[in-house]
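K.L.:
Let's see this in three dimensions:
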Amino acid sequence: MVRKTALALVIGFALVLTGTSAENFSASSFDKNVGYSLIAELSRSFQNMAQSDVGGPAAVTHVLTALMKDAKQARKDAKINAVFFQRFSRILRILYTAVLADPDKTGILMPLIEREMGDFVLEATGESWSGSGRSGIGQLANAVAQSIIDLHIYLDTMDQRENIMKSFEDKSGVEPKKKDGQARLPLS
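P.N.:
Modelled structure (predicted):
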């Protein structure tokens, strides 16, 4: 009981501090089709490169650069929100990093690259990354696939998020953020 109360308070304080309320989960200005298009283009581009044996760092860099440019423009135009942009751009950064590996061939960046890849794999799959090599590449590919699925789920549930947040507020006793920016937490 104490743990549930403590958890509710932590979540409640996080909601108050971040200004999160059900209205922040509204999909009103978000164009899900733009998000789906970005994901589809990423998948299609890599599939085309794999099927045609055209690839390599230059081709992958070109695709990833174009996708990042499109994502930035979509974010600027409010077609995608910050959450989608950050998650999508992280996938692009991971893929870019995987292709470039250690661009200066000195090994200076390898600890940083390996740590970032390890964090990505762990967060996406719950597995510790085995490092470079065949199994590590497989794990990285699996983590990218899982992250793309997660983005699809995020887009698929955009219309439901406001109701989910309201339900959470009702069940937890957290009151939504008031117009003056203050929210009240239950004290009992």
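K.L.:
Check the secondary structure at residue 54 for me.
P.N.:
Assigned with DSSP: H, G, I helix; E, B strand; the rest coil, residue 54 falls in the coil class.
K.L.:
go on, the one 10 residues further on?
P.N.:
With three-state DSSP as the basis, the three-state label of residue 64 is helix.
K.L.:
Can you report how many residues lie near it?
P.N.:
20 (other CB atoms under 10 Å). C-betas here are computed from N, CA, C, even on glycine.
K.L.:
so where is the chain shaky, pLDDT-wise?
P.N.:
1-29, 101-104, 176-188 (pLDDT under 70).
K.L.:
tell me the centre residue of it?
P.N.:
residue 87 (2.2 Å; CA atoms, centre = their mean).
K.L.:
Tell me how far stretch 67-83 lies from the chain's centre.
P.N.:
Centroid separation for stretch 67-83 versus its chain: 13 Å, with CA atoms, centre = their mean, to the nearest Å.
K.L.:
what sits up against that stretch?
P.N.:
With contacts defined as CB atoms under 8 Å, 6 or more residues apart in numbering, stretch 67-83 is touched by 29-31, 34-35, 38, 41-42, 45, 85, 88-89, 92, 154.
K.L.:
Which element, helix or strand, includes the residue nearest to the centre of the chain?
P.N.:
helix 82-100 (DSSP states H and E).
K.L.:
Of all the residues in that helix, which ones are buried?
P.N.:
Neighbour-count burial for helix 82-100 flags 84-85, 87-89, 91-92, 94-99 (criterion: 16 or more other CB atoms under 10 Å).
K.L.:
how long is stretch 75-91 end to end?
P.N.:
Terminal residues of stretch 75-91 lie 16 Å apart, using CA to CA, to the nearest Å.
K.L.:
For it, what is the distance to the chain centroid?
P.N.:
So, by CA atoms, centre = their mean, the centroid of stretch 75-91 is 8 Å from its chain's centroid.
K.L.:
on contacts alone, who are the packing partners of the helix or strand containing residue 44?
P.N.:
In this structure, residue 44 is located in helix 32-52 according to DSSP H and E. Helix 32-52 sits against helix 56-76, helix 82-100, helix 134-156, with contacts defined as 3 or more CB pairs under 8 Å, 6 or more residues apart in numbering; DSSP states H and E.
K.L.:
by how many degrees do the first one and helix 32-52 diverge?
P.N.:
Calculated by axes from the mean of the first three to the mean of the last three CA atoms, to 10 degrees, helix 56-76 forms an angle of 170 degrees with helix 32-52.
K.L.:
ditto for the longest one
P.N.:
Using the same axes, to 10 degrees, the inter-axis angle of helix 134-156 relative to helix 32-52 is 150 degrees.
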